[in-house]
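# please work out how this folds:
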Amino acid sequence: MTAPHAPANPPKSTARPAAAATAAPAGATRVRWLIVWLAFGGLTINYLDRANLGVALPFIGEDITLTKFQQGMILAAFFWSYDFCQLVAGWYVDRVGPRRTFTTASIWWSVFTMLTAAAQNFASLFGARLALGAGESPAPSTSAKVVSRWFPRHERGLATAIWDSGSRVGGVLALPLVTALVALAGWRAAFVVTGAVGLVWALAWWRLYRDPEDHPKANEAERAYIRAGGARSADADSDAASKLRWRDLFGYRTVRGMMLGFFCLNMCIYFFITFFPTYLVEERGFTLLKLGVFGALPGICAVFAAYAGGWFADRAIKRGADVTRVRKTVIISGMLGGSVIGLAVLVPAAWMALALLSVAYSSLAFAASGIWSLPADVAPSDRHVASVGGIQNFASNLAGIGSPLLVGYLVDRTGSFVIPLLVVSAFAVLGALSYAFVVQRAEPLPVRPRA
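Numbers count the residues shown, from 1 in each chain. As a prediction, this is how the structure comes out:
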């Protein structure tokens with residue numbers, strides 16, 4: 001049973017910045033924005049390499065015979081390894097640092113993306129996706145850690161939206177890029193090309209990333225601005241917070257609420273990553289050309305919605321709004337907007353369905369900009385930011401396992417996507433309730449005395 005919050009002495013780096021600190025001083029470098037856009041590139045490739053199977057799946061069937069349930073198993077295989085590696089990934093990032101972790105992870109997932117092209121049957125596809133998931137697992141927690149160190153609190157929303165939007169951009173690029181590669185050279189070539197791009201990015205990250213205090217291109221004015229604005233750093237943490245055990249994080253109500261809420265969000269989002277292309281082809285009669293052109297619209301809309309969520313949050317916090325109220329407003333409104341995914345299967349015309357799916361995906365992306373800002377807000381110390389991110393992402397990606405299995409099973413049983421998407425819609429509402437009533441304040445968790 002969770003004990004009530006005890007009075008806490010939050011680290012000085014998380015205090016609300018003074019009004020003067022909300023604008024960067026003249027002459028300060030802007031290396032932090034280069035860093036976050038580089039992380040955006042990594043997440044774009046990361047999601048491209050996980051979404052390419054969903055796009056290629058209707059065409060893989062020409063070489064490998066798979067039932068809908070087997071397709072769901074293959075799509076879910078990625079999330080089995082990805083998900084359970086999240087817990088150790090967050091812990092590892094906090095101890096090793098973003099530079100080494102992101103480089104190693106990108107090399108791993110790129111190699112196994114390319115090896116997917118050699119698959120000959122269900123078992124080999126399943127195995128390649130398992131290995132891919134393990135390699136991709138550190139990427140979100142690493143990016144959250146990067147933003148916590150490089151950005152003041154009042155810029156954290158937009159910076160988070162930028163790197164997290166890579167997940168939407170990767171999905172958007174997957175549709176035209178993979179369909180074009182399939183049309184030109186076959187589905188196997190699509191995995192070779194997309195995997196090779198990740199190897200190039202890994203080299204760029206290794207050469208360009210450093211923490212703020214060590215980056216040769218960042219000047220002291222930018223470093224001082226970042227520190228004054230509440231960026232997380234080990235130097236500003238209390239001893240008690242730094243020594244908090246990883247397993248103790250599960251004892252906090254806020255952490256458990258974040259886990260439930262993010263799980264519900266991903267029950268919706270992973271429909272777009274997995275069965276969305278199949279839905280457009282089989283239920284709405286999209287051809288390969290229409291899939292490549294119009295199927296990208298929900299993802300494009302979601303990218304700009306995520307930026308809007310981050311911009312709104314930063315603007316409100318700069319004006320003195322309560323951080324907790326801002327985060328919850330963004331997240332809850334986005335989750336409720338995402339529930340319209342269930343209406344898409346009820347309208348008669350394909351364009352109506354596509355419009356509603358665009359609204360749903362955009363709303364979910366709007367919410368995600370706030371969700372991924374929370375680890376830096378609530379982590380007891382700098383040493384726990386990626387750990388909190390990994391814990392909530394572990395729970396969220398249980399939906400990566402469950403969503404394709406549930407959707408695939410219900411489609412096989414009912415013969416359509418109507419019931420599956422109505423069920424997915426209900427998860428969006430449940431997620432909104434979790435962030436409203438279970439998650440507490442967006443501030444560093446208090447350090448409780450050990451029993």
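# not counting residues beside it along the chain, what's closest to residue 364?
Leaving aside its sequence neighbours, residue 364 sits nearest to residue 338 (Cβ to Cβ, 6 or more residues apart in numbering; 4.1 Å). (Each C-beta comes from the backbone N, C-alpha and C, glycine too.)
# tally of neighbours for that neighbour?
31 (other Cβ atoms under 10 Å).
# can you tell me the helix or strand for it?
For residue 338, the host element (DSSP states H and E) is helix 323-338.
# what pLDDT, on average, does that helix get?
Averaged across helix 323-338, pLDDT comes to 96.
# quick check: residue 177 vs residue 446, distance?
Per Cβ to Cβ, to the nearest Å, residue 177 is found 47 Å from residue 446.
# more neighbours: which of the two?
residue 177 (20 against 17).
# quick check: that one touching residue 194?
Yes - with contact defined as Cβ atoms under 8 Å, residue 177 reaches residue 194; the gap is 7.4 Å.
# okay, and the common contacts of these two?
Common neighbours of residue 177 and residue 194, counting by Cβ atoms under 8 Å, 6 or more residues apart in numbering, are residue 48.
# helix or strand: which one has the closest residue to residue 402 other than its chain neighbours?
Taking Cβ to Cβ, 6+ apart, and ignoring the residues beside it in sequence, residue 402 has residue 267 as its nearest neighbour in space, at 7.0 Å. Element membership for residue 267 (DSSP H and E) is helix 253-273.
# got the contact list for the residue nearest to residue 402?
Applying Cβ under 8 Å, 6+ apart, we find residue 267 in contact with 399, 402, 403, 424, 427, 428, 431.
# and the fifth one, what pLDDT?
This means residue 427. On pLDDT, residue 427 comes in at 95.
# likewise for the first one?
The per-residue pLDDT reported for residue 399 equals 86.
# report the separation between the nearest residue to it once chain neighbours are set aside and residue 51.
Using Cβ to Cβ, 6+ apart and skipping residues adjacent in sequence, the residue nearest residue 399 is residue 266, 3.8 Å away. Going from residue 266 to residue 51 by Cβ to Cβ gives 14 Å.
# same question, residue 390
21 Å.
# of these two, who's got more company?
The residue with more neighbours, out of residue 390 and residue 51, is residue 390; 29 against 25, by other Cβ under 10 Å.
# how about the contacts made by the more buried one?
86, 87, 88, 89, 90, 91, 93, 141.
# can you redo the residues you listed as JSON lines with neighbour count, distance to residue 225 and pLDDT?
Putting the contacts of residue 390 into JSON lines (neighbours: other Cβ atoms under 10 Å; distance: Cβ to Cβ, whole Å; pLDDT from 0 to 100) gives the following:
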{"residue": "86", "neighbour count": "26", "distance to residue 225": "32", "pLDDT": "89"}
{"residue": "87", "neighbour count": "18", "distance to residue 225": "34", "pLDDT": "87"}
{"residue": "88", "neighbour count": "16", "distance to residue 225": "34", "pLDDT": "90"}
{"residue": "89", "neighbour count": "27", "distance to residue 225": "30", "pLDDT": "92"}
{"residue": "90", "neighbour count": "31", "distance to residue 225": "27", "pLDDT": "91"}
{"residue": "91", "neighbour count": "18", "distance to residue 225": "30", "pLDDT": "92"}
{"residue": "93", "neighbour count": "28", "distance to residue 225": "25", "pLDDT": "93"}
{"residue": "141", "neighbour count": "31", "distance to residue 225": "25", "pLDDT": "94"}
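# of all those, which two lie farthest apart?
Pairwise distances across these peak at 11.5 Å for 87 and 93 (criterion: Cβ to Cβ).
# isn't residue 78 up against residue 50?
Yes - with contacts counted by Cβ under 8 Å, residue 78 reaches residue 50, the gap being 5.9 Å.
# shared neighbours of the two, anything?
Residues touching both residue 78 and residue 50 (Cβ under 8 Å, 6+ apart) are 132, 133, 136.
# can you put these in JSON lines and add neighbour count and secondary structure?
Formatted as JSON lines, the shared contacts of residue 78 and residue 50 follow (neighbours: other Cβ atoms under 10 Å; DSSP: H, G, I helix; E, B strand; the rest coil):
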{"residue": "132", "neighbour count": "27", "secondary structure": "helix"}
{"residue": "133", "neighbour count": "26", "secondary structure": "helix"}
{"residue": "136", "neighbour count": "29", "secondary structure": "helix"}
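# mind picking the lowest-pLDDT entry from those residues?
Minimum pLDDT for those is recorded at residue 133 (91).
# so how far is residue 90 from it?
Noted for residue 133: a distance of 15 Å to residue 90, by Cβ to Cβ.
# remind me what the one helix or strand residue 74 maps to packs against, helices and strands.
Per DSSP H and E, residue 74 falls inside helix 68-96. The elements that helix 68-96 packs onto, with contact taken as 3 or more Cβ pairs under 8 Å, 6 or more residues apart in numbering; DSSP states H and E, are helix 31-60, helix 98-115, helix 122-136, helix 139-150, helix 385-396, helix 398-414.
# as JSON lines, these with distance to residue 181 would be great.
Listed next are the helices and strands packed on helix 68-96 as JSON lines, based on distance: least, Cβ to Cβ, whole Å:
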{"stretch": "helix 31-60", "distance to residue 181": "9"}
{"stretch": "helix 98-115", "distance to residue 181": "13"}
{"stretch": "helix 122-136", "distance to residue 181": "17"}
{"stretch": "helix 139-150", "distance to residue 181": "23"}
{"stretch": "helix 385-396", "distance to residue 181": "29"}
{"stretch": "helix 398-414", "distance to residue 181": "23"}
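# next up, the contacts around the spatially closest residue to residue 73 that is not a sequence neighbour.
Nearest non-adjacent residue to residue 73, counting by Cβ to Cβ, 6+ apart: residue 126, 6.7 Å away. Counting by Cβ under 8 Å, 6+ apart, residue 126 makes contact with 73, 74, 77.
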